[in-house]
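**Q** sequence isn't available, so here's the structure alone:
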């Protein structure tokens, strides 16, 4: 089974009031200009570079959220 480096579960844990700020910061991390481009990374359709993954982990750590990069594979196995 192909693993996708998704962080959808972690993203869902961001407080709703902070979503806009987090999306803006992720646009800077991934050097993209739209929310749609960020969602490609969130869903695991595009893999982040190592430096981007580290920056994303640090961003989520600010919210006390750890990222399980293999969550997409686990979700399918548990279904």
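**A** Great, that's in hand. Since the model is a prediction, treat every value here as computed from it, not as a measurement. Residues are numbered from 1 along each chain as shown.
**Q** buried stuff in stretch 43-52?
**A** 44, 48 (16 or more other C-beta atoms under 10 Å). In this view, the C-beta of every residue, glycine as well, is placed from N, C-alpha and C.
**Q** span of that stretch from start to end?
**A** 15 Å (C-alpha to C-alpha, to the nearest Å).
**Q** what residues does it touch?
**A** Here stretch 43-52 makes contact (C-beta atoms under 8 Å, 6 or more residues apart in numbering) with 4-8, 29-30, 40-41, 56, 72.
**Q** list the contacts for residue 37?
**A** 27, 30.
**Q** okay, and residue 66 sits in which element?
**A** Per DSSP states H and E: residue 66 is located in neither a helix nor a strand.
**Q** need the max-distance pair from the contacts of stretch 43-52.
**A** Greatest spatial distance among those (C-beta to C-beta): 29 and 72, at 19.7 Å.
**Q** re the thing from before, restricted to buried residues, select the contacts of stretch 43-52 in PyMOL.
**A** To isolate the buried members of these in PyMOL, using 16+ other C-beta under 10 Å:
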select buried, resi 4+5+6+7+29+30+41+56+72
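**Q** which residue, other than its chain neighbours, is closest to residue 10?
**A** Ranked by C-beta to C-beta, 6 or more residues apart in numbering and with sequence neighbours excluded, the top spatial neighbour of residue 10 is residue 67, at 4.5 Å.
**Q** then residue 18?
**A** Residue 18's closest residue in space is residue 63 (C-beta to C-beta, 6+ apart), at 7.3 Å.
**Q** can you report phi and psi for that neighbour?
**A** Here is the backbone geometry of residue 63 (degrees, to the nearest 10): phi -100, psi 10.
**Q** looks like it contacts residue 17 (just checking).
**A** No. At 11.5 Å, residue 63 does not count as touching residue 17 under the criterion of C-beta atoms under 8 Å.
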